[in-house]
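Visitor: coordinates for the following, if possible.
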Amino acid sequence: MISCKDQEARRPITATKTYTLASVTEDLKKINKKEETKVLAYIKKDTANTYSSSSSGYWFYYQTKIEEELPTPKVGDIVELTYEILDLNNQPIYTKEELGIKQYKVDKEDFIPALQDGVKNMKIGETIKFLIPAYNAYGIVGDENKIGINKSIISILTLINIKENPKNED
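Guide: Numbers count the residues shown, from 1 in each chain. This next block holds a predicted model:
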């Protein structure tokens, strides 16, 4: 067959936005700032409690504090704990009953980043309320179940037991 005209490549109907690392980083900074502002607003409303900020980017206060000199978990120790997760309106997302008693090998297993850090400062019997911005919780993916993307959370954690790792085995 003979054609009168050469074929031309068709142009896309709509152009897509080009993302650069700098633009994505800037967008994430804005999202993180927005979530941090929500957490700070929660703290301001909760006048009954005094929260401390961590160097790792979350806030906390002791609901139960043990004043005795007791050991705290070290990397590789197995801890038993209970925790629950709430939204910033104090509505349960996951209850302690749903989550049960968790055994967690300190810094050797995947866990909520803020809680990974916070549990290392706890003594057996202590309960801490953590206010966790999205970037220190489930971040840009959520938990792919009940916690949406970029959602800040509250977690109340109680340390039940510490089983020391005698040989510091992994």
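Visitor: show me what contacts the spatially most central residue of the chain?
Guide: Nearest residue to the geometric centre of the chain (C-alpha atoms, centre = their mean): Ala137, 1.3 Å. Contacts here follow C-beta atoms under 8 Å, 6 or more residues apart in numbering; on that basis Ala137 touches 112-114, 147, 151-153. Where C-beta positions appear, they are placed from N, C-alpha and C, glycine not excepted.
Visitor: and the helices in the chain?
Guide: With DSSP state H as the criterion, the chain has helices at 21-45, 96-99, 113-119.
Visitor: for these, which one sits closest to Thr82?
Guide: When the helices of the chain are compared by C-beta to C-beta, helix 96-99 sits nearest Thr82, at 5.0 Å.
Visitor: what does the helix or strand bottoming out on mean pLDDT in the chain contact?
Guide: Least confident helix or strand, the chain: helix 21-45 with a mean of 84, by mean pLDDT, DSSP states H and E. By C-beta under 8 Å, 6+ apart, the surrounding residues in contact with helix 21-45 are 51, 59, 88, 131-135, 140, 150-152, 154.
Visitor: one more: stretch 71-83?
Guide: When contacts are defined by C-beta under 8 Å, 6+ apart, stretch 71-83 is touched by residues 96, 99-108, 115, 119-123, 155-165, 168-170.
Visitor: identify each buried residue in that stretch, please.
Guide: 72-73, 76-79, 81-83 (16 or more other C-beta atoms under 10 Å).
Visitor: partner strands of the longest strand seen in the chain, with direction?
Guide: Using DSSP state E to assign secondary structure, the strand with the most residues in the chain is strand 153-163. If you go by DSSP bridges, strand 153-163 pairs up with strand 78-86 (antiparallel), strand 127-132 (antiparallel).
Visitor: that one: which residues count as buried?
Guide: Per 16+ other C-beta under 10 Å, strand 153-163 contains these buried residues: 153-155, 157-159, 162.
Visitor: next, the angle helix 21-45 makes with it.
Guide: Interaxial angle, strand 153-163 versus helix 21-45 (axes from the mean of the first three to the mean of the last three C-alpha atoms, to 10 degrees): 80 degrees.
Visitor: now strand 153-163, how far from the centre of its chain.
Guide: 14 Å (C-alpha atoms, centre = their mean, to the nearest Å).
Visitor: could I get the average pLDDT for that strand?
Guide: For strand 153-163, the mean pLDDT works out to 97.
Visitor: same thing with stretch 112-123?
Guide: 96.
Visitor: give the buried residues for it.
Guide: Buried residues in stretch 112-123 (16+ other C-beta under 10 Å): 112-119, 122-123.
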